[in-house]
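*Asks:* Generate a structure from the sequence data that follows.
(2 chains)
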Amino acid sequence: PNVKLVTSDNEEFVVDFRIAKMSVTVSRLMEAMNMSETDDASLLSNSIPLPNVTKAVMARVIEWCEKHKNDEPKEEKENDKRGRTTHVVSDWDKEFLKNDEFGRLCQLMGAANYLEIKGLFNDISQTIANMIHGKKSDEIAEMFNIHCDLTEAEKKEIRKKTAWCED
Amino acid sequence: MLRPCKRASERHDADGKRRKEGEVVKNDNFGEHDYLSRLNNDCLVDVLKQLPRRDLHNMSKASRKMHAMANDPRLAHIKWEGCSLLMHQTKEGHGFHLFVPDKEEYLAYRCAKTRRGERKFMDTSLSFVDGHPYECHMYRHCHYMIVPSCIFASLGQLFYHHTISVLEFRKVRLNSPFLARLSETLSGKTIVELNLLDAYCSAFTEDDRTSLTRIIIDAKVRKLRVGFSLYLNGLYNDDFFRMVASNLELFHQNERTKLVGNFLISRETMFMLKNLKYFCSKSVIMDGFWVADFAMMYLNNIYDVESCEREFELCADREMTRALLSRDITPEFEFFAVEGNDWNGGLDRFLIVKKSNQLCAQICLNLRIRFAHRDKLRICSRMFKKY
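*Replies:* A predicted model of the protein is given here:
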């Protein structure tokens, strides 16, 4: 059975029921609309509106879901000793996300967050964290095009407060 | 931040102008290509959760938005994890060091206050308890420490970022400034257990009582373990104990206490003595020089002979000797002693008798004090030698 998903730009995607179920948001919507796997009529007559996802981003989401549709559900990992969350990004996912420019990656993350696709969200989150890791503040600002709106006094204050963590 | 895109037919600005397909509407101060800042806060926190402390600090210097995000309380456990604080006092004043794991020492505070005297140390280590709440231990290696104000500023910071359920101070001087600052710092917080152990308690004043009351009530302390000697004056009266009993689940006096507070004579001390049941009586310590005064004070305040019978088991800070007990005996009293008698199990025993009504205080070397009429004590007069 297939499910119809409609993006914000009115593009319709017909996806496998299993793929649709990978999104918690879509699952909930289907439940609310009484759409079930066994009821073909309801699947054909209804479509799921996704106003927060564009066509281009949806295509990428579906591509990721296609690859991971047969994955075993992952168990929640405990935080490490230092209290940080740990997530290992597979080689395929690294390659997949490498193709996206940063703006698209952020859009993809927003979509994963909206659609509640945890695996994709964690992959992107870890990828962005890896990009930040080890960079100095000015390098971070440059890499992500962040305009530093801190005044000199504010910078000085922050430096003073975080002096114990400086190199 | 990713915003829902509207349908092409609906894409109009507020002034009715049509926008081009794909044009990004910016109603914030972020740069056109600053996608990271536009991520929603939850997404950003999830990214930052995967970074170590140093990266968080670097992020916090990138922009105001990043500063706010890097200081999100949800990331506090990363920011403060594994730090330990060392407070010390030098000739110049107090120092306060924050240690970061695997790193060299970083000086965070220097307190200008100068206090002459001994070298004092205190270190604070933070450790995880059940994941999130911290147990904050404050130890000091030697001597009794006057806690400088900087530690309270830091404590305030720690409380802002963490859930500290157990707070423990050891070997500190529980003086008025300490209690007042602690009360101020803990106000509005929820402390499950407050331990004040091995502490030296100086004179307990009305202000101290107010502070301690505030600590117990405002910080919703459920368990209070104290390891300081009681300052046995009138401020430990019924009201105070009633408050303590009604607000705490556990009020435990640590038995390892060895130091002594001064002991003030007051009529109200009687109220306190009635309430000694709230304490482990063996940890109520009395200055040896005050034992005779205490006994005489008690005997002077008794008017009803029948009700005078009472027995206390206390701890003395020094050896009870005949010389020590007899030196302050006033003319209305007589002093007797039995020294090194086998009949008494090898323990010396002393007797202070009020001449006018023959009410007695019998004091054993282990500071068991029994008050009764002379007849009730069944004293064998031949054993006692008058001094």
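
*Asks:* And the pLDDT for the residue nearest to residue B:219 when sequence neighbours are not counted?
*Replies:* Distances taken as C-beta to C-beta, 6 or more residues apart in numbering or on different chains place residue B:186 nearest to residue B:219, at 3.8 Å, with adjacent residues excluded. Using the backbone N, CA and C atoms, a C-beta is placed for each residue, glycine as well. Note for residue B:186: predicted pLDDT of 82.

*Asks:* Please apply the same query to residue A:14.
*Replies:* 88.

*Asks:* Quick check, it in contact with residue A:1.
*Replies:* No. Counting by C-beta atoms under 8 Å, residue A:1 is not a contact partner of residue A:14; they are 10.4 Å apart.

*Asks:* burial measure for the nearest residue to residue A:29 once chain neighbours are set aside, as a count.
*Replies:* Closest residue to residue A:29 apart from its sequence neighbours, by C-beta to C-beta, 6+ apart: residue A:48 at 5.2 Å. Per other C-beta atoms under 10 Å in any protein chain shown, the neighbour tally for residue A:48 reads 21.

*Asks:* Quick one: residues contacting residue A:48.
*Replies:* Residues near residue A:48 by C-beta atoms under 8 Å, 6 or more residues apart in numbering or on different chains: A:3, A:4, A:5, A:6, A:20, A:26, A:29, A:30, A:33.

*Asks:* looking at this, it is in a strand?
*Replies:* Yes. According to DSSP: H, G, I helix; E, B strand; the rest coil, residue A:48 belongs to a strand.

*Asks:* Any idea which residue of chain A lies closest to chain B?
*Replies:* residue A:110 (2.9 Å; C-beta to the nearest C-beta).

*Asks:* element containing that residue, please.
*Replies:* Per DSSP states H and E, residue A:110 falls inside helix A:102-115.

*Asks:* Just the buried positions in that helix, please.
*Replies:* A:102-103, A:105-115 (16 or more other C-beta atoms under 10 Å in any protein chain shown).

*Asks:* same thing with stretch B:362-370?
*Replies:* Neighbour count says stretch B:362-370 has B:362, B:363, B:364, B:365, B:367, B:369, B:370 buried, by 16+ other C-beta under 10 Å.

*Asks:* Report the two of those residues separated the most.
*Replies:* B:365 and B:370 (13.3 Å; C-beta to C-beta).

*Asks:* tell me, what's touching these two both at once?
*Replies:* What both residue B:365 and residue B:370 touch, as defined by C-beta under 8 Å, 6+ apart, is an empty set.

*Asks:* List of residues touching the helix holding residue A:110?
*Replies:* Contact with helix A:102-115 is made by A:23-26, A:50, A:52-54, A:56-58, A:60-61, A:97, A:100, A:120-121, A:124-125, A:127-128, A:144, B:1-2, B:33, B:35-36, B:38-40, B:42-43, as judged by C-beta under 8 Å, 6+ apart.

*Asks:* After that helix, which helix or strand is next?
*Replies:* Next along from helix A:102-115, by DSSP H and E: helix A:118-132.

*Asks:* Tell me where chain A has helices.
*Replies:* With helices called from DSSP state H, chain A shows them at A:17-21, A:24-32, A:40-45, A:55-68, A:91-98, A:102-115, A:118-132, A:137-143, A:152-161.

*Asks:* how about those helices in CSV, adding distance to residue B:213 and mean pLDDT?
*Replies:* Converted to CSV, the helices of chain A look like this (distance: least, C-beta to C-beta, whole Å; pLDDT from 0 to 100):
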stretch, distance to residue B:213, mean pLDDT
helix A:17-21, 59, 87
helix A:24-32, 51, 88
helix A:40-45, 66, 75
helix A:55-68, 60, 90
helix A:91-98, 59, 85
helix A:102-115, 49, 90
helix A:118-132, 48, 90
helix A:137-143, 47, 88
helix A:152-161, 34, 79
